[in-house]
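Enquirer: All I have is the shape, not the residue letters:
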DNA sequence: CAGTGGTCTAGACCACACA
DNA sequence: GTGTGGTCTAGACCACTGA
């Protein structure tokens, strides 16, 4: 990254910086390599650190960089393709699909979820927490909301807290006939607890995948899965190995 | 938004601000309503404008706010559900699917696209530009890459530049048998030209939907569609009317 | 411990929308 | 014009990592 100055252009500095650094990443850096620190880079380009950071932020958003406090800024590997296609038409937790059950509790869901589940406000539901791991890295944290009416066979305390209880909820769910599901994807920012599971800071950009499971003519469960937007590419169909980076 | 001060907490100020403002949005503001300006808000909460902006940025990222230079900050309507399901199994531009053809040109595609198309580097392809409009608003800008080998019936200059030429490329494409398609979604930031079409600033967060169209055992075309992440929820299946806001 | 990125301040000026 | 959000500066201190 021999560049030292920016010529004046009728374009924000941080945007030009982003282009210049992006090109340097392609030509002069290998995946995993550590960049000079922010103060050094800012000085080299003759801008304030805040401006330099604005450029780095966008490059991180695009999955080109990875920044870790106390460590440094490294060149990110291409995004991992994660299959989220809905074609299997199966319940969550059926088979080994990369998800690990963490825990389950009974609580009042957020209002938006209650509305989608068509339950009474304040009505309690099972909330199963799961974590998806891909290539050894956590890529998604999920909250699965299951109304008690969907799993009538489940008695209050039939398993100790922890993975076992989560699995028992899923097992009950599998007794239902799955009639359909639909899915949506939107941008969000990580809540504090999800951020922790995903090894990111709170507020980090995430892709929120909401899935509605239909059975017996109603919504039997809702899954809200939070995927790391920096490292993941969600795939539908068999484009898992497609690489569109840069 | 009667709140005037933040109690000291072991949490970044901007994050606490985000919570406080977010709650105020739910309880005290209607969709479309204009918030006090940034200087006013910063003063009211006793923080620097930059800190206040960090909170607003995240709320905008989550689709709760909309900010326009020269105008102000308004409460955003719930995100629009946009169907991007792949189940129709049809070529782009077949039927009225909300896409408008803008133009078409012949040029060298970006390296990543060339790789996916399995064309020679430097080999020229048709590049069709389209715009997707939903509820009267532009929601996505698309670049559709079609190798000349996929549309052999198309002679060099068979239509004037503009929508007509774009449509003629699509028409040729429809002669092929579509054998399959796959799709992936990832986070990106808007390139300058897409940003303009989408009425956003360059660098705005977008959801990039990449679709590969397969015919005769090879990739016949690649579509890279850039959706506004602030206003869109991508839906697969029939969850178009599901609202998961807040 | 030293070095990194993360947060925060208090200013300044610019680009744009609208009356 | 005036008022808005967008960009930018030059500092400061904090939280975290790893030697």
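Expert: Perfect, I can see it now. All values reported here derive from a predicted model rather than from experimental measurement. Numbering: from 1, shown residues only, chains lettered A, B, ... in the order given.

Enquirer: C-alpha from now on. contacts and neighbour counts both.
Expert: OK.

Enquirer: Point me to the helix or strand that includes residue A:140.
Expert: Using DSSP states H and E, residue A:140 falls within strand A:137-147.

Enquirer: just residue A:127 next, same as before
Expert: strand A:125-134.

Enquirer: for residue A:235, same thing?
Expert: Applying DSSP H and E, one finds residue A:235 within strand A:232-236.

Enquirer: do residue A:56 as well
Expert: Under the assignment here (DSSP H and E), residue A:56 is part of helix A:49-61.

Enquirer: Tell me which residues are up against that helix.
Expert: Contacts with helix A:49-61, where a contact means Cα atoms under 8 Å, 6 or more residues apart in numbering or on different chains, come from A:13-15, A:17-18, A:22, A:38-39, A:41-43, A:65-67, A:205, A:229-230, B:187-189, B:203.

Enquirer: Can you list which of those residues are found in strands?
Expert: Here DSSP state E is the test, and the contacts of helix A:49-61 give A:65-67, A:205, B:187-189 as lying in strands.

Enquirer: out of the residues you listed, which one sits closest to DNA strand D?
Expert: Using Cα to the nearest atom of the strand, residue A:67 is the member of those that lies nearest DNA strand D, at 10.7 Å.

Enquirer: Just confirm yes or no for the strand holding residue A:235 near chain B.
Expert: Yes. For strand A:232-236, a contact with chain B is found by Cα under 8 Å from any Cα of the partner chain, at A:232-236.

Enquirer: between the strand holding residue A:127 and strand A:137-147, how many degrees?
Expert: 160 degrees (axes from the mean of the first three to the mean of the last three Cα atoms, to 10 degrees).

Enquirer: List, one by one, the residues from chain A near DNA strand C.
Expert: A:10, A:35-39, A:50, A:67-73, A:201 (Cα under 7 Å from any atom of the strand).

Enquirer: quick revisit: quick check, the strand holding residue A:140 touching chain B?
Expert: No. Strand A:137-147 stays clear of chain B (Cα under 8 Å from any Cα), getting no nearer than 13.3 Å.

Enquirer: Show me the domain layout of chain A.
Expert: Annotated domains of chain A cover A:13-75, A:80-235 [automatic domain parsing].

Enquirer: Pull the distance from the longest one to the chain's centre.
Expert: How far domain A:80-235 lies from its chain's middle: 12 Å, per Cα atoms, centre = their mean, to the nearest Å.

Enquirer: quick one: low-confidence parts of chain A?
Expert: The model of chain A has pLDDT under 70 over residues A:1-9, A:87-88, A:155-159, A:238-246.

Enquirer: Residue A:226 reaches residue A:141, doesn't it?
Expert: Yes. Counting by Cα atoms under 8 Å, residue A:226 sits close enough to residue A:141 to count as a contact (5.2 Å).

Enquirer: what residues are shared contacts of the two?
Expert: residue A:194.

Enquirer: wait, does stretch A:182-200 contact chain B?
Expert: Yes. Using Cα under 8 Å from any Cα, stretch A:182-200 reaches chain B at A:182-189.

Enquirer: what's the first-to-last distance across that stretch?
Expert: Stretch A:182-200 has an end-to-end distance of 28 Å (Cα to Cα, to the nearest Å).

Enquirer: what residues does that stretch touch?
Expert: A:86, A:131, A:138-141, A:201-213, A:226, A:228, B:58, B:61-62, B:207, B:229-230, B:232-239.

Enquirer: buried residues in the strand holding residue A:127?
Expert: For strand A:125-134, a neighbour-count test (16 or more other Cα atoms under 10 Å in any protein chain shown) marks A:125-134 as buried.

Enquirer: How about the contacts made by residue A:151?
Expert: A:169, A:172-173.

Enquirer: so what does the strand holding residue A:140 touch, helix or strand wise?
Expert: On a contact count with 3 or more Cα pairs under 8 Å, 6 or more residues apart in numbering or on different chains; DSSP states H and E, strand A:137-147 meets strand A:125-134, helix A:192-197, strand A:218-228.

Enquirer: mind running it again at 7 Å?
Expert: strand A:125-134, strand A:218-228 (3 or more Cα pairs under 7 Å, 6 or more residues apart in numbering or on different chains; DSSP states H and E).

Enquirer: Output these as TSV; include the columns distance to chain B.
Expert: Shown next, in TSV, are those (distance: least, Cα to the nearest Cα, whole Å):
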stretch	distance to chain B
strand A:125-134	16
strand A:218-228	10
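
Enquirer: Is residue A:90 in a helix, a strand, or coil?
Expert: Assigned with DSSP: H, G, I helix; E, B strand; the rest coil, residue A:90 falls in the coil class.

Enquirer: Quick one: list the elements packing against the helix ranked longest in chain A.
Expert: Taking DSSP state H as the criterion, chain A has its longest helix at helix A:13-28. With contacts taken as 3+ Cα pairs under 7 Å, 6+ apart, helix A:13-28 sits against helix A:49-61.

Enquirer: what angle do the helix it packs on and helix A:13-28 make?
Expert: Using the same axes, to 10 degrees: helix A:49-61 against helix A:13-28 is 50 degrees.

Enquirer: before we move on, back to that, tell me which two in the buried residues of strand A:125-134 are the farthest apart.
Expert: Farthest apart among the buried residues of strand A:125-134 by Cα to Cα are A:125 and A:134. That separation is 28.5 Å.

Enquirer: Pipe the buried residues of strand A:125-134 into JSON lines and attach distance to residue A:146 per row.
Expert: Listed next are the buried residues of strand A:125-134 as JSON lines, based on distance: Cα to Cα, whole Å:
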{"residue": "A:125", "distance to residue A:146": "6"}
{"residue": "A:126", "distance to residue A:146": "5"}
{"residue": "A:127", "distance to residue A:146": "6"}
{"residue": "A:128", "distance to residue A:146": "8"}
{"residue": "A:129", "distance to residue A:146": "11"}
{"residue": "A:130", "distance to residue A:146": "13"}
{"residue": "A:131", "distance to residue A:146": "17"}
{"residue": "A:132", "distance to residue A:146": "19"}
{"residue": "A:133", "distance to residue A:146": "22"}
{"residue": "A:134", "distance to residue A:146": "25"}
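
Enquirer: Pull the number of nearby residues for residue A:54.
Expert: 16 (other Cα atoms under 10 Å in any protein chain shown).

Enquirer: Next one: residue A:78 from residue B:226, what distance?
Expert: For residue A:78, the distance to residue B:226 - Cα to Cα - is 19 Å.

Enquirer: Adding distance to residue B:95, write the helices and strands packed on strand A:137-147 out as CSV.
Expert: CSV is the format used below for these (distance: least, Cα to Cα, whole Å):
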stretch, distance to residue B:95
strand A:125-134, 38
strand A:218-228, 32
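
Enquirer: Kindly reformat the ones you listed as TSV containing distance to DNA strand D.
Expert: Putting the helices and strands packed on strand A:137-147 into TSV (distance: least, Cα to the nearest atom of the strand, whole Å) gives the following:
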stretch	distance to DNA strand D
strand A:125-134	20
strand A:218-228	18
